Every structure is written in structure tokens, then in C-alpha cells.
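In: fold the following for me, if possible:
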Amino acid sequence: METIECIKTRRSVRTYTKERIPEHITGEILEAAVQAPSAGNTQEWQFIVVSRPEIKKQIAEAAFGQHFIEKASLVIVVCADIEKIEKAYGERGVSLYVYQDTAAATQNLMLAAWERGIGSCWVGAFNEARIKGILVIPERVRPVAIIPMGYPLEKQSSPKKRPVKEVVHEERW
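Out: Purely as a prediction, here's the structure:
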């Protein structure tokens, strides 16, 4: 699949088959994630891969009852090492760069999955303290996204996107 086609056809997938994602495919997806750009090449992202049903269930509950998460073949929790970025860039790193960097890695991860026929959904609504407790995440690290993944059970419809002419400005606003 070509890059532009992958970008245009990727959808948020919340229903999955029971087919497991092979480990080598998971590895390829994670390899794509770590190829993302980051501020000063700090690469402050960390990834927690979860496949155990009891942990996925706890994550779903901590994500305010988004139970489709527990039905995914696996869940990748994208985290940011706040201490690492702060050492490099101070407050701007903590308040901005860390989110830009982890967002780029997350998008790479989701596109690499889609290119292999694996659906995913970017989940940002969750109780951070509960996720940290469930996954034993160190204090200096912040979970920023939960990405459930699996082979899609059904074809997703295309959401309407705004035309480019509505969002692009030339030279100035």
C-alpha cells in the first residue's frame, strides 16, 4: 500500500476479530514507531505492549469503560519520559515537544499497523493515575495514548473530512 493511500484509508477501528497479531508484525509496527522524528532526537517515547486479557480489561475500565479495548488482540500504551525531555529542553520540552514527539510515534505505529491490515484506535480518554498503577509506570513517565489493535471485524465508514481549502492559509492567516 502506498503511503498516501494508507493515510487516506486508515480508520479508527473498535471491533476486532479474535485473530492474534503475530509477534514479528508487532515488532515491525514498533520499529515504525521508533523511526518517528523527535525534538533533538531525544526519543523520549516508551511503549508498553499488553496482550493479557485481565490487564486489557483493567485498562478498558481505567479508560472510562471503553470496553472495546479489552477485545483488541493487543494494546500498546504510548508513554513519555518527562524527565528525559525536561533535561534536554526544560519547560517547553515538557509542555510541548513531548506530545509532538509521542504523537508522531503514535501516528507511525497506527499507519504501519494499517498497512499490514491491522486496525487501531487512538484512545486519549483515561484515568492516568489508574493506568500508571495497572502498568507499574514510573513517576517520571506519563502515559499519553492507549492504542488497541486487531484485525478489523468489519469495514469502517469514511468520516467526512474538511476540504483543504478550509484549513490552509497562504503566507498569512
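In: was I right about Ile29 contacting Leu109?
Out: Yes - using CB atoms under 8 Å, Ile29 is in contact with Leu109, at 5.7 Å. Glycine gets a C-beta too; all of them are placed from N, C-alpha and C.
In: can you work out which residues contact both of those two?
Out: Common neighbours of Ile29 and Leu109, counting by CB atoms under 8 Å, 6 or more residues apart in numbering, are Ile76.
In: have a look at this protein and report its longest strand.
Out: strand 141-150 (DSSP state E).
In: packing partners of that strand?
Out: Here strand 141-150 touches strand 74-81, helix 82-92, helix 98-115, strand 119-120, helix 128-135, going by 3 or more CB pairs under 8 Å, 6 or more residues apart in numbering; DSSP states H and E.
In: that one to helix 98-115, inter-axis angle?
Out: 10 degrees (axes from the mean of the first three to the mean of the last three CA atoms, to 10 degrees).
In: now strand 141-150, how far from the chain's geometric center?
Out: Strand 141-150 sits 5 Å away from the centroid of its parent chain (CA atoms, centre = their mean, to the nearest Å).
In: what's the answer for stretch 48-64, then?
Out: 14 Å.
In: what's that stretch in contact with?
Out: Here stretch 48-64 makes contact (CB under 8 Å, 6+ apart) with 20, 26, 30, 66-70, 72-77, 79, 123, 125-127, 130-131, 134-135, 137, 146, 148.
In: and what of stretch 25-38?
Out: Here stretch 25-38 makes contact (CB under 8 Å, 6+ apart) with 43-45, 47, 49, 74, 76, 78, 97, 101, 104-109, 111-113, 116, 118, 149.
In: one step back: quick one: mean pLDDT over the longest strand of the chain.
Out: If you average the pLDDT over strand 141-150, you get 98.
In: and what of stretch 82-91?
Out: For stretch 82-91, the per-residue pLDDT averages 97.
In: ok, stretch 101-108 next?
Out: Mean predicted confidence for stretch 101-108 is 98.
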